[in-house]
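1. Test case, fold it:
(one chain, ligands or ions: 1)
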Amino acid sequence: MEMKKEQLQKINGVLSKLKNVKDGFYAKKFADFGFELASQADFEKLPFTDKPELREGYPLGIQAAPDSEIVRIHSSSGTTGLPIIIPYTKKDVADWAIMFARCYEFAGITNLDRIHITPGYGLWTAGIGFQAGAELMGAMAIPMGPGNTDKQIQMMRDLRSTVLCSTSSYALLLAEEIERRGVRNEIHLKKGVIGSERWGEKMRRRIADQLGVKLYDIYGLTEIYGPGIGMSCDYECGMHMWDDYVYFEIINPQTGEVLPDGELGELVITTMCKEGAPLIRYRTHDLTRIIPGVCECGSEYPRIATIIGRSDDMIKVKGINIYPGQIDDVLRQVEGVSSEYQVIIDHLNGRDIMTLLFESELGYSKENLESSVQTFFKAKVGLTVVPKSVAIGELPRSEKKSTRIFDNRY
Ligand code: ZN
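-> Here you go, the predicted model:
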């Protein structure tokens, strides 16, 4: 994607501030690269920023505004080590709310809606972002937070919530619970705004059908404000990204090369307005692609496709990069194949062999399914796999995606 003139100006503005931060993270990191860019090509020479570096600066090493201007912090979860603390200025908090309100507006949500917020409140950025956007727009925020299903359903009924904000798994849980209790007629939800987690089309349909709502995807990450930097529209074709606040690129996760629009790679984001902790070329590790062209909804905000996984989960077979999300994708398209699978990669007689075991429903011919999966996989991913159909329930169940892939080559 071509960098717009205003974007280059904004980024130069950020860099000139970062240059003067005493002992600042970027003042040091970019010392050899300069702080004034003449072109997109200059920008693309800047090194990436990645999570471990931010962690090294724990707790406030990436703060780029004076203490007097910092009004809040958030932090990413510390499941794999120290958390990353992100300081926000008053303007950062305000900008985030503006972007969030724009997300709601893209979903046709108005100040007459009652927004039921189930993501958590606290150090991480979820709940409070949903709330600030709702309040800015003038809608009624119902700050539930997660858990306590009884209370959720009670408030949903009594307050006549019209919008559910949730993770996909919690939305599914609520949908099933509402169905089980037979209270669907007392629920007034019209829309669902679903953030975080990758989720498949099958799950999406179940939630939408059971709740009787239209669903929207919201994108974001704590390091870059939080959820609310991108949102899907009525046409359900990826998520529009607010490119007046964030500049984004898709790179080859191995080489760092910037990829042309339409190609699958890792999303890299640069903040253009952030003051408390600007990030330049931040690697999200989320895999997606830029959708070329203007959306049917008419919005000029560029789009990225639904996130298909994490670059850390990638495997390389016969020189082809494969992501678990692509395997899900292929299997979803073959009728009679369930969503459970296992991949085994071996190296025999000098070549890689990828065996794909998948569960199939009763009443389908094993040979036909195997041949369909092989054809689809070759067409979609470009690799010939050895397909093996097994009965439903034969593959082990695990919550972790990683255990679905067994790489015996090393
Ligand atoms: Zn659109």
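
2. gap between whatever helix or strand I86 lives in and the chain center?
-> I86 is part of strand 85-89 when elements are defined by DSSP states H and E. Distance of strand 85-89 from its chain centroid, counting by Cα atoms, centre = their mean, to the nearest Å, is 21 Å.

3. Downstream of that strand, the next helix or strand is which one?
-> helix 90-106.

4. Y301 - that's part of a strand, no?
-> No: using DSSP: H, G, I helix; E, B strand; the rest coil, the assignment for Y301 is coil, not a strand.

5. now it, nearest residue through space, not along the chain?
-> H240 (3.9 Å; Cβ to Cβ, 6 or more residues apart in numbering). In this view, the C-beta of every residue, glycine as well, is placed from N, C-alpha and C.

6. Now do the phi/psi pair for that neighbour.
-> phi -70, psi 140 (degrees, to the nearest 10).

7. Quick one: distance of the biggest strand by length in the chain to the chain centre.
-> In the chain, with assignment by DSSP state E, the single longest strand is strand 337-348. From the chain centre to the centre of strand 337-348 is a distance of 25 Å (Cα atoms, centre = their mean).

8. before we move on, what about stretch 380-396?
-> With Cα atoms, centre = their mean, you get 26 Å for stretch 380-396.

9. Quote the end-to-end distance of that stretch.
-> Start and end residues of stretch 380-396 are separated by 26 Å (Cα to Cα, to the nearest Å).

10. So which bits of it are buried?
-> 381, 383, 385, 387-389, 395 (16 or more other Cβ atoms under 10 Å).

11. which parts of the chain sit against the ion?
-> Proximity of the chain to the ion, by Cβ under 5 Å from the ion, involves residues 233, 235, 295, 297, 299.

12. Now the fourth one. Its backbone dihedrals?
-> This means C297. According to degrees, to the nearest 10, C297 has phi -70, psi -10.

13. TSV for the buried residues of stretch 380-396, including secondary structure?
-> Listed next are those as TSV, based on three-state DSSP:
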residue	secondary structure
V381	helix
L383	coil
V385	coil
P387	strand
K388	strand
S389	strand
L395	coil
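
14. quick one: least confident of those?
-> Among those, L395 has the lowest pLDDT, at 85.

15. any idea how far the residue in the chain sticking out farthest from the centre is from the ion?
-> Centroid-distance maximum for the chain: N349 at 39.4 Å, with Cα atoms, centre = their mean. As for N349, its distance to the ion is 49 Å (criterion: Cβ to the ion, to the nearest Å).

16. For the residue nearest to E2 when sequence neighbours are not counted, list the residues it contacts.
-> Sequence neighbours aside, Q40 is the residue nearest to E2 in space, at 7.0 Å (criterion: Cβ to Cβ, 6+ apart). Counting by Cβ atoms under 8 Å, 6 or more residues apart in numbering, Q40 makes contact with 2-3, 8.

17. Turn the residues you listed into CSV, including pLDDT, secondary structure and neighbour count.
-> Formatted as CSV, those follow (pLDDT from 0 to 100; DSSP: H, G, I helix; E, B strand; the rest coil; neighbours: other Cβ atoms under 10 Å):
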residue, pLDDT, secondary structure, neighbour count
E2, 95, coil, 7
M3, 98, coil, 18
L8, 98, helix, 18
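
18. Looking at these, which is nearest the ion?
-> E2 (19.9 Å; Cβ to the ion).

19. From S161, how far out is the closest one?
-> 42 Å (Cβ to Cβ, to the nearest Å).

20. Repeat that for L279.
-> Counting by Cβ to Cβ, the gap from L279 to S161 is 34 Å.

21. residue ranges with poor pLDDT in this structure?
-> For the chain, the stretches with pLDDT under 70 are 78-80, 196-199, 397-403.

22. how about the helices in it?
-> For the chain, helices defined by DSSP state H occupy the ranges 5-19, 25-29, 40-43, 51-56, 90-106, 126-137, 149-158, 168-181, 201-211, 324-332, 366-381.

23. Just name the most buried of those helices.
-> helix 126-137 (a mean of 24; mean count of other Cβ atoms under 10 Å).

24. Name the residues that touch that one?
-> 93, 96-101, 103-105, 109-111, 113, 115, 117, 119-121, 140-141, 143, 145, 165, 193, 195-196, 220, 225-228.

25. do the same with stretch 288-302
-> Counting by Cβ under 8 Å, 6+ apart, 1, 106, 233-235, 237-238, 240-243, 248, 250, 259, 261-265, 267, 303-308 sit against stretch 288-302.

26. quick one: buried residues of that stretch?
-> Quick answer for stretch 288-302 (16+ other Cβ under 10 Å): 288-291, 295, 301-302.

27. what about T118, distance to A27?
-> 40 Å.

28. picking up where we left off before, give me the sheet partners of the strand holding I86 and which way each runs.
-> Strand pairing for strand 85-89, determined by DSSP bridges: strand 70-75 (antiparallel).

29. And the partner strand, what's buried?
-> Neighbour-count burial for strand 70-75 [16+ other Cβ under 10 Å]: 70, 74-75.

30. Now do that strand: distance to the chain's middle.
-> On Cα atoms, centre = their mean, the centre of strand 70-75 falls 22 Å from the chain's centre.
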